[in-house]
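Asks: give me a model of this one.
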Amino acid sequence: MGKPHTPDNTYTPDQRRRIVSIARAGVTDAVLGYAPQDPGVRPDEAYLLDPRDCFVTLHDIYEQLRGCIGTFEADSPLWQNVLRMSAAATRDPRFVYTNPVRREELGNLIIEVSVLTPMTPIDDPSTLRVGVDGIYIKAPGRGGGIVSGCYLPQVATDQRWNAEQFVTSCWSHKMGLAGSWRDQPDAKFFVFQSIIIDESNLHA
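Replies: Numbers count the residues shown, from 1 in each chain. The predicted model follows:
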């Protein structure tokens, strides 16, 4: 990933609104079945041109999750990742076959964009900062291939987990791996931070 022009956590209110507007357009186009529209990013919008990964999360007005999809290790500009992940969030595999996002929900959906900082390797993930650091794990799977899993920083806070519980849940629940992550010498652990842009907290 390239070095961001904008220091972490310092997106201006206008920049935050611009990021969410791209996400909102991506969600709307995907639900209505339209091809994604080019948001017309200008050369002076450097923060949108930086290669930054992101997650897009959708909630309904009752705070029920309706989709959450993100990308890691991408080299695309932020605006492209926001647009792609917004569309993908409307097709979250957990909901798309049983309770897909419908067009009548569009006005009530709340969009949250989590822009991720570059990942940093960590030897002992149990020392991560709860509520500040997210976790990303890559490890050999049962079939010999590599599996991966992640949790955003806010997951630990929402679930009231300590660092050990945070990492263990990612290992066993998210990745479906047996045993302890401490016993897998080939596992690789990374931490990252998340710049959360919540549509419901933006003011005109």
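Asks: switch to C-alpha atoms for all contacts and neighbour counts from now on
Replies: Noted.
Asks: and the residue most central in space within the chain, what are its phi and psi?
Replies: Nearest to the geometric centre of the chain sits Phe55, at 2.0 Å (Cα atoms, centre = their mean). Phi and psi for Phe55, reported as degrees, to the nearest 10, are phi -120, psi 150.
Asks: now Val115
Replies: With angles defined as degrees, to the nearest 10, Val115 sits at phi -90, psi 130.
Asks: tally of neighbours for the closest residue to Leu106 other than its chain neighbours?
Replies: Distances taken as Cα to Cα, 6 or more residues apart in numbering place Thr28 nearest to Leu106, at 6.8 Å, with adjacent residues excluded. Residue neighbour count, defined by other Cα atoms under 10 Å, stands at 20 for Thr28.
Asks: could you pull up the residues touching the closest residue to Leu116 other than its chain neighbours?
Replies: Closest residue in space to Leu116, ignoring its immediate chain neighbours: Ser194 at 4.7 Å, by Cα to Cα, 6+ apart. With contacts defined as Cα atoms under 8 Å, 6 or more residues apart in numbering, Ser194 is in contact with Ser114, Val115, Leu116, Thr117, Val132, Asp133, Gly134, Leu152, Pro153.
Asks: let's see it at 10 Å
Replies: Going by Cα atoms under 10 Å, 6 or more residues apart in numbering, Ser194 touches 8-9, 53-55, 113-118, 131-134, 152-154.
Asks: buried ones among the residues you listed?
Replies: Taking 16 or more other Cα atoms under 10 Å as the criterion, what is buried in those is 53-55, 113-118, 131, 133-134, 152-154.
Asks: low-confidence stretches in this structure?
Replies: 1-9, 74, 203-204 (pLDDT under 70).
Asks: where exactly do the strands run in the protein?
Replies: Assigned by DSSP state E, the chain shows strands spanning 54-59, 65-70, 110-116, 120-121, 134-140, 146-151, 188-192, 194-198.
Asks: for the buried ones among the contacts of Ser194, work out which two are farthest apart.
Replies: Across the buried ones among the contacts of Ser194, no pair lies farther apart than Asp53 and Gly131, at 18.8 Å, counting by Cα to Cα.
Asks: how does the chain divide into domains?
Replies: 13-117, 120-192 (automatic domain parsing).
Asks: closest to Glu199 out of those?
Replies: Closest approach to Glu199 among the domains of the chain is made by domain 13-117 (5.4 Å; Cα to Cα).
Asks: what is the end-to-end distance of that closest one?
Replies: End-to-end distance of domain 13-117: 19 Å, with Cα to Cα, to the nearest Å as the criterion.
Asks: what do you get for stretch 50-59?
Replies: When the termini of stretch 50-59 are compared using Cα to Cα, they are 27 Å apart.
Asks: repeat that for stretch 42-59.
Replies: Terminal residues of stretch 42-59 are spaced 30 Å apart (Cα to Cα).
Asks: can you check which helix is longest in this structure?
Replies: Longest helix of the chain, by residue count under DSSP state H: helix 13-32.
Asks: Asn162: neighbouring residues, count only.
Replies: For Asn162, the neighbour count with other Cα under 10 Å is 16.
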